[in-house]
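A.B. asks: Structure of the sequence below:
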Amino acid sequence: MSTDFRFNINSIRLDEDYQPSNSTRITTNFANLARGEHRQQNLQNALTMIDNSFNALAHWDNPTGDRYSVELEIISVDMDIKGSGQSFPSIEVLKTNIIDHQTNQRIEGIIGNNFSSYVRDYDFSVLLLEHNRDQSKFSVPDNFGELHGKLFNYFVNSEAYKAHFNKLPVICLSVSDNKTYHQTENKHPILGVEYLPNSSSLTEQYFKKMGLKVRYFMPPNSVAPLAFYFFGDLLNDYSNLELISTISTMETFQKIYRPEIYNANATAGKCFQPNLKNQDHSLTKIVYDREERSQLAIKQGKFAQENFIKPYQTVLEKWSANYAF
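C.D. replies: Predicted coordinates:
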């Protein structure tokens, strides 16, 4: 089947001088850090936390704990609908690169990590809210996440993706605060102890429609499990250093944005219920407004509705109905 879409991929360095572009979702983890009068200090602190976490996990042949540093690239994907002459900011992810200061090597890390999508904002903050506005019991609209999942999967299998990246993405998110996680006997030297949830979450189901599987691991030095979304074989498709680059990057963001869970003063036990009201936690030097973030997600969802969903609804519905993976 011929496609109606083309992808344009751009990259920008995420460092202390980073400033979000006009098309970047401002609720995205890295963009949220780069706002306000303390933006540069926020970024410096976060990047230092990432490097320290990386070296703590990559401790072999690293006696002084400063052998490695992590460089981050923001990968922005614009989607062009043929014939429209317009492009829409489709997704943004992070790519990690590892600098080995002992060998002076630059080692490619993992693509994915953080995941940002205007269409996901539309699904969760506009479509889902409107669907449940007058209902007494929560429910999910028919075909919820179908279009987004197919667009993402199409991108990952596109020639544009293959030209830029050697491996499939891994996305790392926080655990759900309305699920219970049970520790298993399975333990990986880098990913740590595996946990299993008591039930599937809406996020799990949404990412499944993108073609992604999920496993939950609590890495060494961590206090709570992380959710790893992936294609293929998470434990064998990626090197130790690649996995560490994702853990150190994404756990740092979670310590900042979910300190009640990821900067808690007690480590998750055999049975773990995440709690965003947990008072027994430490704060980083980086703070943000969680309430503002929720409001911005609605604005971003409406932006996607007005600039992508409505103008191209007929094209999108026809394409989605015919695309299968």
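
A.B. asks: need the contact list for residue 313.
C.D. replies: Not one residue lies near residue 313 by Cβ atoms under 8 Å, 6 or more residues apart in numbering. Just so you know, the C-beta spots here come from the backbone N, C-alpha and C atoms, and that holds for glycine as well.

A.B. asks: Tell me how far it lies from residue 320.
C.D. replies: Using Cβ to Cβ, to the nearest Å, residue 313 is found at 10 Å from residue 320.

A.B. asks: what number of residues lie near residue 107?
C.D. replies: Neighbours of residue 107 under the rule other Cβ atoms under 10 Å: 15.

A.B. asks: I meant residue 279, not that one.
C.D. replies: 8.

A.B. asks: ok, so what distance separates residue 80 from residue 86?
C.D. replies: For residue 80 relative to residue 86 (Cβ to Cβ), the value is 7 Å.

A.B. asks: who's more crowded, the two?
C.D. replies: Higher neighbour count among residue 80 and residue 86: residue 80, with 16 against 13, using other Cβ under 10 Å.

A.B. asks: Quick check: bridge partners of the more buried one?
C.D. replies: Applying DSSP bridges to residue 80 gives these bridge partners: residue 6, residue 87.

A.B. asks: mind listing what's buried in stretch 239-251?
C.D. replies: Within stretch 239-251, the residues that count as buried by 16 or more other Cβ atoms under 10 Å are 239, 241, 242, 243, 244, 245, 246, 247, 248, 249, 250, 251.

A.B. asks: can you check stretch 38-54 too?
C.D. replies: In stretch 38-54, counting by 16+ other Cβ under 10 Å, buried: 39, 42, 43, 44, 45, 46, 47, 49, 50, 51, 53, 54.

A.B. asks: Among the residues you listed, which one lies nearest to residue 219?
C.D. replies: Closest to residue 219 out of the buried residues of stretch 38-54 is residue 53 (9.2 Å), distances taken as Cβ to Cβ.

A.B. asks: so who does the closest residue to the closest one other than its chain neighbours touch?
C.D. replies: Closest residue to residue 53 apart from its sequence neighbours, by Cβ to Cβ, 6 or more residues apart in numbering: residue 248 at 3.8 Å. By Cβ under 8 Å, 6+ apart, the contact list for residue 248 reads 50, 51, 53, 54, 57, 70.

A.B. asks: give the contact list for residue 182.
C.D. replies: Contacts of residue 182 (Cβ under 8 Å, 6+ apart): 195, 196, 197, 198, 270, 271, 272.
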